[in-house]
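[1] What would the 3D arrangement of this be:
(4 chains)
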There are 2 protein chains.
Amino acid sequence: MIALNKDDLTKKEAGSNGIAGRVRQANQARILAAAEQVFAQRGFAGATMAEIAAAADLPKANLHYYFGTKEALYLAVLEDILALWLDATDGIRADRHPAVALGGYIRAKMAHSRTRPLASKVFANELLHGAPHIRPYLALELRRRVEDKVPVIEGWIAQGLMDRVDAKHLFFSLWAMTQTYADFDVQIRAVLGVATLDEKDFSIATETVIRLILKGCGIALPNTEDH
Amino acid sequence: MIALNKDDLTKKEAGSNGIAGRVRQANQARILAAAEQVFAQRGFAGATMAEIAAAADLPKANLHYYFGTKEALYLAVLEDILALWLDATDGIRADRHPAVALGGYIRAKMAHSRTRPLASKVFANELLHGAPHIRPYLALELRRRVEDKVPVIEGWIAQGLMDRVDAKHLFFSLWAMTQTYADFDVQIRAVLGVATLDEKDFSIATETVIRLILKGCGIALPNTEDH
DNA sequence: GTCAAATTTGACCAGACGGTCAACTTCTTT
DNA sequence: AAAGAAGTTGACCGTCTGGTCAAATTTGAC
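    Predicted coordinates for the structure are as follows:
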């Protein structure tokens, strides 16, 4: 787990064993879910503890009992999101064909945009305002992960499996293309003229992005007789 | 001009002729610039009239004198941005080769991300929170513009100038890839390990996006002997 | 069953914020 | 130069918000 919060150990979670009581766990999860929703819709500044409390169906003082401050609650939400954030790159490995690895990555990111749009929005909002709470994390953790993957891309290039493309900027494009379906869904829904993005919309989006990227990078479909 | 604000005519701007005084124009421009900066950094909810006033180096009451309310000021900022927003699509015309038209569009959007990042951020923030102030505009104006351009793309496809790509989703990708350099610049700077994105970074980004998209759409370079 | 720890909750507070206003100064017109 | 219009500004106000707290209640270990 990434520790954003210096004082992350919430009260008795440290003192006794890690179980920390069923009630505590359940309430914290309930509050975190409500907070994610409200932070996603309103942003950090626009969210109020009262609204989060109402969404969690708990009195406001209860939120402070478990998380102390609004900022600590926000950090707890961000922490969950960051963990989610890093996992998807796992499939990008040198021993895979780029069509499989990148195609799978795009599919995973798209699925993430579909299933966890609120998480994506909270993260986007944090970035948009200069990442005041997670800048160190970006410069260390995220950067390191990308640095790990750049050689993989460059390996594929050296093997002639894809065109010479700037690996980092390729990632920026991938992130942008996939997350736009979560972050800016209002715009997409408005242009498509639909009330909600359904499974089919996401299917078309996913296939479009995969085709654009794979062909754009000059990646042929993996051919079993190639190797 | 797009009228977001029902009561947009600011006080005497309606009564007398349109000139409205040098002082008024200068102060309004000053306030709008300061407001764009603060709204971009803090979001609508996070921005305070006091901070905008400080950025404009004017007393707070002066802002209310010219714009009435915080929301009216925000709408005025958004209005300027929306006008900017629509212009870039002009180059997408059926009589142009897709490589020229789309390449130029990407260049224009990238230049926009470089020169007006604050405008992009204000717009992104508005979208992120569900576009409460501009949803009607999105569903009408923006949608109409896209509907106008879809046949152009499909014309190119019919002429065999590019692959069969979903035109709307192509636009979503173009917007996402280009605006990410303005909206989420913190993330990009963190990964690149630089303090600011300079001209060269934008140059690499622009060329990468253009190559990805043109090749991804199967668009060959325009060949003068083709026609 | 006892009792201490954990949890719940309504009432309350201080500060920040958007907005108002009346007194005052500067500009523009004739 | 007179006078009304336009612009300036510090002081002020009601409301909302994050956070506190003490009293009441529930939980869990022995």
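[2] where along chain A do the helices fall?
    Ranges of helices within chain A are A:12-15, A:22-46, A:49-56, A:60-67, A:70-87, A:98-115, A:117-128, A:135-137, A:143-158, A:167-183, A:185-192, A:199-216, based on DSSP state H.
[3] Give me the pLDDT value at whatever residue of chain A ends up closest to DNA strand C.
    Closest to DNA strand C within chain A is A:A61: 2.9 Å, counting by C-beta to the nearest atom of the strand. Quick note: C-beta positions are derived from backbone N, CA and C, even for glycine. According to the prediction, A:A61 has pLDDT 97.
[4] From chain B, how far out is the residue nearest to the spatial centre of chain A?
    Geometric centre of chain A, nearest residue: A:W85, 3.8 Å, by C-alpha atoms, centre = their mean. Using C-beta to the nearest C-beta, to the nearest Å, one gets 11 Å for the distance from A:W85 to chain B.
[5] nearest spatial neighbour of that residue, skipping sequence neighbours?
    Counting by C-beta to C-beta, 6 or more residues apart in numbering or on different chains, A:W85 lies nearest to A:F123, which is 6.8 Å off, once chain neighbours are set aside.
[6] so who does the one you found touch?
    A:78, A:81-82, A:85 (C-beta atoms under 8 Å, 6 or more residues apart in numbering or on different chains).
[7] how close does it get to B:R135?
    Between A:F123 and B:R135 the distance is 23 Å, computed by C-beta to C-beta, to the nearest Å.
[8] interface residues of chain A facing DNA strand D?
    Contact residues, chain A versus DNA strand D (C-beta under 7 Å from any atom of the strand): A:21-23, A:47-50, A:60-61, A:64, A:68-71.
[9] and if we set it to 6 Å?
    For chain A, the residues in contact with DNA strand D (C-beta under 6 Å from any atom of the strand) are A:21-23, A:47-50, A:61, A:64, A:69-71.
[10] Who wins on neighbours among these?
    Among the residues of chain A next to DNA strand D, the one with the most neighbours (other C-beta atoms under 10 Å in any protein chain shown) is A:A47, at 23 neighbours.
[11] wait, doesn't it sit right on A:A34?
    No - look at A:A47 against A:A34 with C-beta atoms under 8 Å: they stay out of range, at 10.2 Å.
[12] Now for the contacts of A:F123, which sits with the most neighbours around it?
    Ranking the contacts of A:F123 using other C-beta under 10 Å puts A:L78 first, with 25 neighbours.
[13] my read: it touches A:I134, true?
    Yes - A:L78 is within contact range of A:I134, at 6.3 Å (criterion: C-beta under 8 Å).
[14] Which segments of chain A make up each domain?
    Domain ranges of chain A: A:6-68, A:77-226, per automatic domain parsing.
[15] With distance to B:F172 as extra columns, can I get those in JSON lines?
    Listed next are the domains of chain A as JSON lines, based on distance: least, C-beta to C-beta, whole Å:
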{"stretch": "domain A:6-68", "distance to B:F172": "20"}
{"stretch": "domain A:77-226", "distance to B:F172": "6"}
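[16] highest average neighbour count across these?
    For the domains of chain A, the largest average neighbour count (mean count of other C-beta atoms under 10 Å in any protein chain shown) is found in domain A:77-226, namely a mean of 18.
[17] ok so, going back, mean pLDDT for the helices of chain A: which is lowest?
    Across the helices of chain A, helix A:12-15 gives the lowest mean pLDDT, at a mean of 36.
[18] returning to that earlier point: out of the helices of chain A, which gets nearest to B:Q187?
    helix A:117-128 (5.3 Å; C-beta to C-beta).
[19] Distance from that closest one to the middle of the chain?
    Helix A:117-128 sits 8 Å away from the centroid of its parent chain (C-alpha atoms, centre = their mean, to the nearest Å).
[20] same check, this time on stretch A:23-31
    Using C-alpha atoms, centre = their mean, the offset of stretch A:23-31 from its chain centre is 22 Å.
[21] now do stretch A:170-180
    When distances are taken as C-alpha atoms, centre = their mean, stretch A:170-180 is centred 11 Å away from the chain's centroid.
[22] Residues in contact with it: which ones?
    Stretch A:170-180 is contacted from outside by A:102, A:105-106, A:109-110, A:112-113, A:120, A:124, A:146, A:149, A:153, A:188, A:209, A:212-213, A:217, B:172-173, B:175-177, B:179-181, B:184, B:187-188, B:191, B:205, B:208-209, B:212, using C-beta under 8 Å, 6+ apart.
[23] and that stretch, C-alpha only, in CSV?
    Extracted in CSV, the C-alpha atoms of stretch A:170-180 (Å, rounded to 0.1, in the frame of the first residue of the first chain):
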residue,chain,number,x,y,z
LEU,A,170,2.8,6.8,-26.2
PHE,A,171,1.8,6.2,-22.6
PHE,A,172,0.4,9.8,-22.3
SER,A,173,-1.8,9.1,-25.4
LEU,A,174,-2.9,5.8,-24.0
TRP,A,175,-3.9,7.2,-20.6
ALA,A,176,-5.6,10.2,-22.3
MET,A,177,-7.6,8.2,-24.8
THR,A,178,-8.9,5.7,-22.3
GLN,A,179,-9.5,7.9,-19.3
THR,A,180,-11.4,10.5,-21.3
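[24] what's the pLDDT at A:D90?
    pLDDT at A:D90 comes out at 89.
[25] ah, wrong one, I meant A:D226
    We have a pLDDT of 46 for A:D226.
[26] Next: A:S16.
    Note for A:S16: predicted pLDDT of 32.
[27] How about A:L221?
    81.
[28] so who does it touch?
    Counting by C-beta under 8 Å, 6+ apart, A:L221 makes contact with A:A99.
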